[in-house]
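pasting the sequence and the predicted coordinates here, then a few questions.
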Amino acid sequence: MSSLTTAPPSLTPDAIDDLIYACRTDDLDSLKEQISHWSTQLNTTEAAIIKSAIDIDEDGLGSRACLLHYPAGNGKLQMIQYLLDRLGEPQTQTQTQTQINGTSTEGKIFVNHQNVSGNTPLHWAALNGHIEIVRALVKAGADPTVVNGAGRDAVVEAEYSSQEGAGECAVWLLRECEVLERGAGGGEGEGSAEVEDMAEEGKDGEKENGEEHEKETATVSGGSAT
């Protein structure tokens, strides 16, 4: 049996779109099937397939969101856990020997992948009030000090959010993550009120409402935003 290649796989744009769609619509069975198929087809790991599925179009544009962003923003814990489990698998014998706490070093780095607006999956989970996903991401190595393009970390985004549960996310992050310093990452200015639309092709926008900034999210039900 040949060993798995460590080179980044070349997924077709259609393959990436299909993987993203499965994440957006919470179709876990389809996602598992596709990842397994491409892993076998390209002789690589499932983790490598996940890390290659980034929303970038043929012109190099797009939201640059990864597969973790969509279930993180939409509160799909089972899908998040599946993706994190796959990312935690070592890809080489060396990684097998050095892996700590069930999460590979490369997997921890990818958990902090930033989209075109600088938001990580943790930003999306926190601002949308998904506390169980916030906990899962932090356990997997998500860094709560990462700031987005507006200079805000996940705590600040949660504090600005009007979504139910966002306040709980902010409190939990401040209590459990010693690396956070209150008052850091409170960016201001244009672009600080990003609207994350997880159900429409992964595109991001902005919204301001006077001096108060409010967050919105699009959840997915059968492929349509609500």
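Okay, I see it.

what's the host helix or strand of residue 168 packed up against?
Using DSSP states H and E, residue 168 sits within helix 166-176. In this structure, helix 166-176 packs against helix 121-127, helix 131-139, helix 154-160, with contacts taken as 3 or more Cβ pairs under 8 Å, 6 or more residues apart in numbering; DSSP states H and E. All C-beta spots, glycine's among them, are computed from the backbone N, C-alpha and C.

got a list of contacts for the second one?
Read that as helix 131-139. Contact partners of helix 131-139, identified using Cβ atoms under 8 Å, 6 or more residues apart in numbering, comprise 68, 71-72, 75-77, 80-81, 84, 111, 121-122, 125-126, 144, 154, 165, 168-169, 172-173, 176-177.

burial measure for residue 121, as a count.
Using other Cβ atoms under 10 Å, residue 121 has 32 neighbouring residues.

can you pull out the strands in this protein?
Remark: strands assigned in the chain by DSSP state E are 194-196, 204-206, 220-221, 224-225.

of these, which shows the lowest average pLDDT?
Considering these one by one, the lowest average pLDDT is found for strand 224-225, at a mean of 32.

just the pLDDT for residue 100.
Looking at residue 100, its pLDDT stands at 41.

actually residue 188, not the one I wrote
48.

measure residue 41 to residue 64 for me?
24 Å (Cβ to Cβ, to the nearest Å).

more crowded one of those two?
residue 64 (19 against 12).

was I right about that one contacting residue 56?
Yes: checked against Cβ atoms under 8 Å, the pair residue 64 and residue 56 is within contact range at 6.0 Å.

low-confidence ranges, the chain, go.
1-8, 90-107, 180-226 (pLDDT under 70).

try 80 this time
Judged by pLDDT under 80, the chain has its weakly predicted residues at 1-8, 58-60, 89-107, 178-226.

helices along that one, start to end?
Using DSSP state H, the helices of the chain run over 13-24, 28-41, 46-52, 69-74, 77-87, 93-98, 105-111, 121-127, 131-139, 154-160, 166-176.

any chance of those helices in CSV, plus distance to residue 60?
Formatted as CSV, those follow (distance: least, Cβ to Cβ, whole Å):
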stretch, distance to residue 60
helix 13-24, 12
helix 28-41, 22
helix 46-52, 15
helix 69-74, 18
helix 77-87, 25
helix 93-98, 30
helix 105-111, 20
helix 121-127, 22
helix 131-139, 27
helix 154-160, 27
helix 166-176, 33
